[in-house]
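Engineer: Provided below for reference: sequence and predicted model.
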Amino acid sequence: RKEVEQDPGPFNVPEGATVAFNCTYSNSASQSFFWYRQDCRKEPKLLMSVYSSGNEDGRFTAQLNRASQYISLLIRDSKLSDSATYLCVVPVGGSQGNLIFGKGTKLSVKP
Amino acid sequence: GAGVSQSPSNKVTEKGKDVELRCDPISGHTALYWYRQSLGQGLEFLIYFQGNSAPDKSGLPSDRFSAERTGGSVSTLTIQRTQQEDSAVYLCASSYGQGAHGYTFGSGTRLTVV
């Protein structure tokens, strides 16, 4: 298994839809995780952290399934402005500065 | 500063020339990271610094690439004898400690080798 794997998409959804992305990781010792958002031709920006109990921020919910080694991001009531690439980020410790970035899942929200 | 600052924002250079890319991290951030991203691709790790030391340089693509960090602050990524395949966006990020709260990225340097 690759260190971090994501479905590249694209996910094409209408406004108002609920969409979910999963990300699998290989390092079972990983502790804290993140979702980043990257807009076209922009730098990645931290969307939310994902801790053991999961967390919710408005329309966004992130969850961790440690037994199956995956994290998920749920977006409710999608907005046009949610269109972006969502990067799953997993800590590995040691090399590469401790965080491994997935290649991202592209979301396109249509009117 | 308030954010991670990178310069230049855009750089066009001729094949074979050397370039220097600069990153000024958030004040107080001990860790600094360099990535590059080719068009439509994911982030490619290059190197990271903890203070002025680089524990892992394995991501540097070739010996034409080098980086240094001085005073635990500003970092410079140098690419010698640039090739067309070096064209990409070079992103710098910084964090407190080991990045337990994530990284903050700069807006990148778009390098085009012609």
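Structural biologist: That came through fine. Numbers count the residues shown, from 1 in each chain, chains lettered A, B, ... in the order given.

Engineer: Can you give me the buried ones in the helix or strand of chain B with the lowest mean pLDDT?
Structural biologist: For chain B, using mean pLDDT, DSSP states H and E, the weakest element among its helices and strands is strand B:53-56, scoring a mean of 86. Across strand B:53-56, burial judged by 16 or more other C-beta atoms under 10 Å in any protein chain shown covers B:A54, B:P55, B:D56. All C-beta spots, glycine's among them, are computed from the backbone N, C-alpha and C.

Engineer: Kindly report the same for stretch A:45-62.
Structural biologist: Neighbour-count burial for stretch A:45-62 [16+ other C-beta under 10 Å]: A:L46, A:L47, A:M48, A:S49, A:V50, A:F60, A:T61, A:A62.

Engineer: ok so, going back, just checking: which of the buried residues of strand B:53-56 also lie near chain A?
Structural biologist: Among the buried residues of strand B:53-56, the residues within reach of chain A (C-beta under 8 Å from any C-beta of the partner chain) are B:P55, B:D56.

Engineer: between the buried residues of strand B:53-56, which is nearest chain A?
Structural biologist: Among these, B:D56 lies closest to chain A (C-beta to the nearest C-beta), at 4.3 Å.

Engineer: Find the residue at the geometric middle of chain B.
Structural biologist: Geometric centre of chain B, nearest residue: B:W34, 3.4 Å, by C-alpha atoms, centre = their mean.

Engineer: separation between that residue and B:E20?
Structural biologist: According to C-beta to C-beta, to the nearest Å, B:W34 and B:E20 sit 13 Å apart.

Engineer: returning to what we had before: most widely separated two among the buried residues of stretch A:45-62?
Structural biologist: A:L46 and A:T61 (16.1 Å; C-beta to C-beta).

Engineer: near chain B too, which of the buried residues of stretch A:45-62?
Structural biologist: Within the buried residues of stretch A:45-62, those near chain B by C-beta under 8 Å from any C-beta are A:L46, A:S49.

Engineer: quick one: least confident helix or strand in chain A?
Structural biologist: strand A:99-101 (a mean of 86).

Engineer: Can you tell me the strand partners of that strand and which way each runs?
Structural biologist: With DSSP bridges as the test, strand A:99-101 is paired with strand A:84-91 (antiparallel).
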